[in-house]
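Colleague: return atomic coordinates for the entry below.
(chains A and B)
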Protein chains: 2
Amino acid sequence: MKEFELINRYFTGRGVTRRDVDVGIGDDCALVNVPDNCQLAITTDTLVEGVHFFADIPPRALGHRALAVNLSDLAAMGAEPTWVSLGLTLPKIDPEWLEEFTEGMHEIAEYFNVQIIGGDTTQGPLTITICAKGTVPKGKALTRSGANVGDWIYVTGNLGDAALAIESRKNNWPLSESDAASALKKFHYPSPRVAAGQALRGIASSAIDISDGLLADLSHILRRSDVTAQIHADKVPMSDALRHSIPQDQALKLALAYGDDYELLYTVSQDNKLIMESKLHQYGVEPICIGQIQPGNDDIELLYDNQPWLLPESGFEHFS
Amino acid sequence: MKEFELINRYFTGRGVTRRDVDVGIGDDCALVNVPDNCQLAITTDTLVEGVHFFADIPPRALGHRALAVNLSDLAAMGAEPTWVSLGLTLPKIDPEWLEEFTEGMHEIAEYFNVQIIGGDTTQGPLTITICAKGTVPKGKALTRSGANVGDWIYVTGNLGDAALAIESRKNNWPLSESDAASALKKFHYPSPRVAAGQALRGIASSAIDISDGLLADLSHILRRSDVTAQIHADKVPMSDALRHSIPQDQALKLALAYGDDYELLYTVSQDNKLIMESKLHQYGVEPICIGQIQPGNDDIELLYDNQPWLLPESGFEHFS
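Modeller: This next block holds a predicted model:
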């Protein structure tokens, strides 16, 4: 199959067609329209076989996940996802694999009304680079730099399940079948918090998505906002699967320092606390308060049952 | 070196800073502003080691070339390049290599006033995926679909030099040192025809950049415009290096069917011929007429000295 046929078969005319796209797949560039009152938000994430996923990942999950991790970055800015470009490097053309991979990608694209507007398919080691674009009303984007002393620190859901999926496999942890399945589902099919991110516009003071681990991602907010934080480890939400599969200190390590969950981490002032909770409840999200922003630039202060508590590991780094 | 340090050292605060960028590298997304009267043009190209370049390519050339091939797609739409996102997958962190690679990329970015607004660095086989963005006044973009019967077919410069660099190496062709150097320079440091592309807005009826080979890229225009073409092979411009290095039929094959030159191929009506030539001369570009659009959807008719002429090979395909 030639590149041209591949694109025709798996992309052209499939998936979402947005009215703000004048030229989609099939020309030198796509041509799209950004509303006059909006800024354009742009993010890029790469997934490499053997680094970001196991070689035997179901291709449908890979298609979903590759797009989901990018949409999560748009969610963290409060942006509305609109268009994506796909750089797809494949070792060989396997029609069954491609059918499943593109189906997984088209499914989540349809759910979020995102159009695949172009890309490049090349031959080489399996690598997926997506550049996702979205729009956000001017001046309303959530950034990492707005956290203020006294702001409350929230997350949008359970942490550590994706980590459980990966580490239980690497270390042969004896998980029950249902726990293993629920953890793996969280790793394979993360749900980017797109609606929550948009609901937090004008309400949260800062936000980030948890891709590298709660503590690592929180430290990005703290550095950019020139503050520090106190975190109650015992408040960090974890699934039942994580709680009863492994010892508590191990579970907390995964929840605090591992990443790959794609929940949002954000800060909100005392004044906006109630309106934020009510807004998120409208979207079926239960926001969990896990700590508070503090003055200074020391390390994050970790507490458990209000007592100082230590966690040795840092978040996942691609080069370490 | 961790990912965070790598980005800080080679990207943050280096290169172009544009006033239309509100948030650049360092948040979940970049935030940029598209002028109200403009459309956004978006393109993506991936370069894979061993497929698109030899492993021993100078890193500075690779940095230049990776960005140049993307800017060439923007040029073919008549867009003004503005922002790029970089997906960089590296087998290891080699500071010397990275210094050269990023220098090559920053140099061409500065020349075209393009800001690197974000990206992702990951570990894996050397792969570079760039998503380049640009702006074009609404309704003024050049596409592949506007060629009309009777329009003249032009290219912006010599073809086949990049092909000569690659094939002479693969096949041990005995090139003179200066011919080999000039061909290699064209392959390593292509000059995207950004100014020419913008000059052709409102004047050319269709355009494409020659990445897959003159005939392959012309066929994209013909298919989208529902026409065919007559091409005078003897009019196709070739460098002296290409003309006197290899037999004429071999040289023509490289010039017509190989690609990697990143000149523009475009069509223009009889009415716009003079104004087009004068406009391009202002930018130091000598447009060369190589044929004419014909009715029908037959294969491209190739002539040499006005006699029917055959070329067996098709353009480069990533999967064949």
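Colleague: would you state the helices of the stretch 201-320 of chain A in chain order?
Modeller: Ranges of helices in the stretch 201-320 of chain A, per DSSP state H, counting those that start in this stretch, are A:214-225, A:240-245, A:248-257, A:273-282.
Colleague: which one of the ones you listed lies nearest to chain B?
Modeller: When these are compared by CB to the nearest CB, helix A:214-225 sits nearest chain B, at 7.3 Å. Every C-beta, even on glycine, is put in place using the N, C-alpha and C of the backbone.
Colleague: quick one, what contacts A:A251?
Modeller: Contacts of A:A251 were listed using CB atoms under 8 Å, 6 or more residues apart in numbering or on different chains, and they are A:G160, A:L164, A:M238, A:L242, A:R243, A:S245.
Colleague: need those residues in JSON lines (columns: pLDDT, distance to chain B and neighbour count).
Modeller: Output for those, formatted as JSON lines (pLDDT from 0 to 100; distance: CB to the nearest CB, whole Å; neighbours: other CB atoms under 10 Å in any protein chain shown):
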{"residue": "A:G160", "pLDDT": "96", "distance to chain B": "21", "neighbour count": "32"}
{"residue": "A:L164", "pLDDT": "94", "distance to chain B": "23", "neighbour count": "29"}
{"residue": "A:M238", "pLDDT": "97", "distance to chain B": "24", "neighbour count": "19"}
{"residue": "A:L242", "pLDDT": "95", "distance to chain B": "25", "neighbour count": "27"}
{"residue": "A:R243", "pLDDT": "93", "distance to chain B": "29", "neighbour count": "15"}
{"residue": "A:S245", "pLDDT": "90", "distance to chain B": "29", "neighbour count": "21"}
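Colleague: residues near A:I93, how many?
Modeller: Look at A:I93: counted by other CB atoms under 10 Å in any protein chain shown, it has 16 neighbours.
Colleague: what about it, is that helix, strand or coil?
Modeller: Here A:I93 takes the coil state, with states given by DSSP: H, G, I helix; E, B strand; the rest coil.
Colleague: looking at the helices of the stretch 201-320 of chain A, which is closest to B:P95?
Modeller: Each of these has some distance to B:P95 by CB to CB; the shortest is helix A:214-225, at 23.3 Å.
Colleague: ok, and does the closest one reach over to chain B?
Modeller: Yes: using CB under 8 Å from any CB of the partner chain, helix A:214-225 comes into contact with chain B via A:R224.
Colleague: hey, C-alpha coordinates of that helix in CSV?
Modeller: Taking C-alpha atoms only, helix A:214-225 is exported to CSV below (Å, rounded to 0.1, in the frame of the first residue of the first chain):
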residue,chain,number,x,y,z
LEU,A,214,1.3,14.6,40.8
LEU,A,215,4.4,15.9,42.6
ALA,A,216,6.4,16.5,39.4
ASP,A,217,3.5,18.3,37.7
LEU,A,218,2.7,20.3,40.9
SER,A,219,6.3,21.4,41.0
HIS,A,220,5.8,23.0,37.5
ILE,A,221,3.0,25.1,38.9
LEU,A,222,4.9,26.0,42.0
ARG,A,223,8.0,27.0,40.0
ARG,A,224,6.0,29.1,37.5
SER,A,225,3.9,30.7,40.3
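Colleague: what residues of that helix count as buried?
Modeller: Going by neighbour count (16 or more other CB atoms under 10 Å in any protein chain shown), the buried part of helix A:214-225 is A:L214, A:L215, A:A216, A:D217, A:L218, A:S219, A:H220, A:I221, A:L222, A:R224, A:S225.
Colleague: what about A:Q282, neighbour count?
Modeller: Using other CB under 10 Å, A:Q282 has 10 neighbouring residues.
Colleague: any idea how far it is from B:Q115?
Modeller: Per CB to CB, to the nearest Å, A:Q282 is found 38 Å from B:Q115.
Colleague: do A:D261 as well
Modeller: Taking CB to CB as the measure, A:D261 falls 31 Å from B:Q115.
Colleague: would you mind telling me which of those two has the busier surroundings?
Modeller: Shown here are A:D261 and B:Q115; by other CB under 10 Å, A:D261 has more neighbours (28 against 23).
Colleague: for that one, what are its contacts?
Modeller: Counting by CB under 8 Å, 6+ apart, A:D261 has contacts A:G157, A:N158, A:L159, A:G160, A:D161, A:A162, A:A163, A:K186, A:P190, A:I210.
Colleague: make it 10 Å
Modeller: A:D261 sits next to A:72, A:155-163, A:186-187, A:190, A:209-211, A:213-214, A:217, A:254-255 when contact means CB atoms under 10 Å, 6 or more residues apart in numbering or on different chains.
Colleague: ditto for A:L98
Modeller: A:L98 is in contact with A:M1, A:L6, A:R9, A:Y10, A:F11, A:P59, A:G63, A:L88, A:L90, A:T121, counting by CB under 10 Å, 6+ apart.
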